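Asks: Predicted model and sequence follow; I will ask about them next.
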Amino acid sequence: MGLYKIEAIVLRRRNLGEADRLVTVLSRSRGKLVLVARGARRPRSRLGGRLEPPTRFRALVAEGRTLDVVSQVEVLDAHAVLRSDLERMGSTAVVLEMADRALADRHPHPDVYGLLRDALALLGGGHECAGLWFAARLLALTGHRPTVSRCPACGQRVRGAASWSNVLGGCVHATCSSADPRAVPAAPGAMALLRFLLDAQPSAVRRLVPASSVRSSVAGLLFGYAEACWETRLRSPAVVRALSVV
Amino acid sequence: MDYPVPLARLIDELSKMPTVGPKTAQRMAFYVMRLTTEEAQSLADAILGVKAGMRYCSVCFGITDTDPCAICSNPARSGAVLCVVEDPRDVIALERTREFRGRYHVLGGAISPLDGVGPDDLKIAELLSRVREGGVTEVIVATNPRVEGEATAFYLARLLKPLGVRVTRIAHGLPVGGDLEYADEVTLARALEGRRDL
């Protein structure tokens, strides 16, 4: 049983036994890992505060028989600003959940690691579209890029009024939407934003200030599409919506 | 060879308990087998007694054997200060300090988007009702200093401040007897933020 070093971001953690924690992290070199943090729940633990989501850290990990054990954690970025208000906490939770659901354990994906690091930096800067950009880019990087320019049903370019189909994989002509009874209307503004987000660089996302109605429309499409692709149900968007009602 | 049915049933029931695996359950079952009839009866009575006698306080939602609980019905405790905690065990921990003379409100968890736990899953509406009834001047949010606890604290502050009560958060910092050298960066930063004059 050996030791290895990782640079990683904490996605989530849950309690294990009396005082331990199971921490799910996305590492740059080894992909998503579930690690044991021994004694992390004890008040004097050196690990507890360092392994809160979405901390970026460097650590030494010991291989175990079933689960690897984390030790000697050095914080690279605690992302304290992301814990400073409810809105940022909510957006961060959605981003972390999507990263967790999209990836299988122990499959290295340095691009997704870099994407998550950039998205957290954008969220910290208060950029409203950071979460949507992350969702769109994550889908693209994991092989689920939605079609936004050509109708997957007829192959023709989509202009003007369109529908969105999770089954067909994106934007379809309103006239072709009969192929999927669950297709929903998609506003032209939402399609334009989605097209932009799928290939945007972080510097471009900083300048983006779309109307809140367009933003929420794109969020609905992206989260629904992600759930259909990953065959799972995202929990955090509904909770975040409930929190923002206040 | 399989265990005789009564022993196998006991092992099966014991292994359903948290942190009890099959081996531990076997050891416990053999311990129970060695007990005298009176001792075994006492253990069984204690388990049934908890089920029959324990309930949640209808006011604060802490665990109690009388409703309302001893703290809520104690006239010596101040109803002007409410301490909000996540779990009934947090009430016990705070009571051990013998420092707090107000009353409690147990939320039954914390807001956790990643686990799908939202405000409607907690006793937040009941907290607002207690505050709206009047007499409360300060609400101390003593949720755990984790992301979920912080999110809950922010949410409660947003709901409670318009009701005209003072909303405070318990301090975060170094444990008594701890070493600065071994403290993590976030805790140290919080400790610096929360410094006070000597």
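Replies: The structure has been received and is ready for your questions. Numbering: from 1, shown residues only, chains lettered A, B, ... in the order given.

Asks: Which stretches in the chain count as strands?
Replies: No chain in the question, so chain A it is. Using DSSP state E, the strands of chain A run over A:3-16, A:20-27, A:31-37, A:56-62, A:68-77, A:162-165, A:170-173, A:184-186.

Asks: try chain B instead
Replies: B:55-56, B:63-64, B:81-85, B:103-106, B:138-141, B:166-169.

Asks: Against which helices or strands is the lengthiest helix in chain B packed?
Replies: In chain B, with assignment by DSSP state H, the single longest helix is helix B:37-53. Taking 3 or more C-beta pairs under 8 Å, 6 or more residues apart in numbering or on different chains; DSSP states H and E as contact, there are no helices or strands that helix B:37-53 lies on. Using the backbone N, CA and C atoms, a C-beta is placed for each residue, glycine as well.

Asks: Relative to A:R195, how far out is the closest residue to A:N166 other than its chain neighbours?
Replies: Spatial nearest neighbour of A:N166, chain neighbours left out: A:A228 (3.7 Å); criterion: C-beta to C-beta, 6 or more residues apart in numbering or on different chains. Distance, A:A228 to A:R195, by C-beta to C-beta, to the nearest Å: 19 Å.

Asks: still on that earlier bit, of all the strands of chain A, which gets the most neighbours per residue?
Replies: Counting by mean count of other C-beta atoms under 10 Å in any protein chain shown, strand A:162-165 has the highest mean neighbour count of the strands of chain A, with a mean of 26.

Asks: residues in chain A within reach of chain B, list them.
Replies: With C-beta under 8 Å from any C-beta of the partner chain as the criterion, chain A meets chain B at residues A:12, A:17-18, A:43-44, A:46-50, A:52-53, A:55, A:73, A:75, A:78, A:80, A:83, A:85-86, A:89-90, A:93-94, A:96-97, A:100, A:235-236, A:238-240, A:242-243, A:246.

Asks: Just the buried ones among those residues, please.
Replies: Neighbour-count burial within the residues of chain A next to chain B applies to A:12, A:46-50, A:52-53, A:55, A:73, A:75, A:78, A:83, A:86, A:89-90, A:93-94, A:96-97, A:100, A:235-236, A:239-240, A:242-243; the criterion is 16 or more other C-beta atoms under 10 Å in any protein chain shown.

Asks: which ones among these are found in helices?
Replies: A:86, A:89-90, A:93-94, A:96-97, A:100, A:236, A:239-240, A:242-243.

Asks: Just the CA coordinates for the lengthiest helix in chain A, please, in CSV.
Replies: When chain A is parsed with DSSP H, its longest helix is helix A:212-230. Presented in CSV, the C-alpha positions along helix A:212-230 are these (Å, rounded to 0.1, in the frame of the first residue of the first chain):
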residue,chain,number,x,y,z
SER,A,212,-32.7,37.1,-15.3
SER,A,213,-35.6,35.6,-17.4
VAL,A,214,-33.1,34.4,-20.0
ARG,A,215,-30.8,33.0,-17.4
SER,A,216,-33.5,31.1,-15.6
SER,A,217,-34.8,29.7,-19.0
VAL,A,218,-31.3,28.5,-19.9
ALA,A,219,-30.8,27.0,-16.4
GLY,A,220,-34.1,25.0,-16.7
LEU,A,221,-33.0,23.7,-20.1
LEU,A,222,-29.4,22.8,-19.0
PHE,A,223,-30.4,21.1,-15.8
GLY,A,224,-33.2,19.1,-17.4
TYR,A,225,-30.8,18.1,-20.2
ALA,A,226,-28.1,17.1,-17.7
GLU,A,227,-30.6,15.0,-15.8
ALA,A,228,-31.7,13.2,-19.0
CYS,A,229,-28.1,12.6,-20.0
TRP,A,230,-26.8,11.4,-16.7
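
Asks: Endpoint to endpoint, stretch A:135-147 covers what distance?
Replies: 15 Å (C-alpha to C-alpha, to the nearest Å).

Asks: can you give me how far it is from the chain middle?
Replies: With C-alpha atoms, centre = their mean, to the nearest Å as the basis, stretch A:135-147 stands 11 Å off its chain's centre.

Asks: With stretch B:93-102 instead?
Replies: With C-alpha atoms, centre = their mean, you get 13 Å for stretch B:93-102.

Asks: Quick one: residues in contact with it.
Replies: By C-beta atoms under 8 Å, 6 or more residues apart in numbering or on different chains, the residues outside stretch B:93-102 that reach it are B:71, B:76-83, B:85, B:104, B:138, B:140, B:142.

Asks: Among those residues, find me the one that's closest to chain A.
Replies: Proximity of the contacts of stretch B:93-102 to chain A (C-beta to the nearest C-beta) peaks at B:A142, which lies at 14.5 Å.

Asks: Could you measure from the closest one over to A:G143?
Replies: Counting by C-beta to C-beta - B:A142 and A:G143 are separated by 46 Å.

Asks: Tell me which of the two has more neighbours.
Replies: Legend: neighbour count by other C-beta atoms under 10 Å in any protein chain shown for B:A142 and A:G143, higher for B:A142 (22 against 8).

Asks: quick one on the thing from earlier: the contacts of stretch B:93-102, buried ones only, as a ChimeraX selection?
Replies: A single ChimeraX command selects the buried members of the contacts of stretch B:93-102 (16+ other C-beta under 10 Å):
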select /B:71,77,78,79,81,82,83,85,104,140,142
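
Asks: I appreciate the help and will end here.
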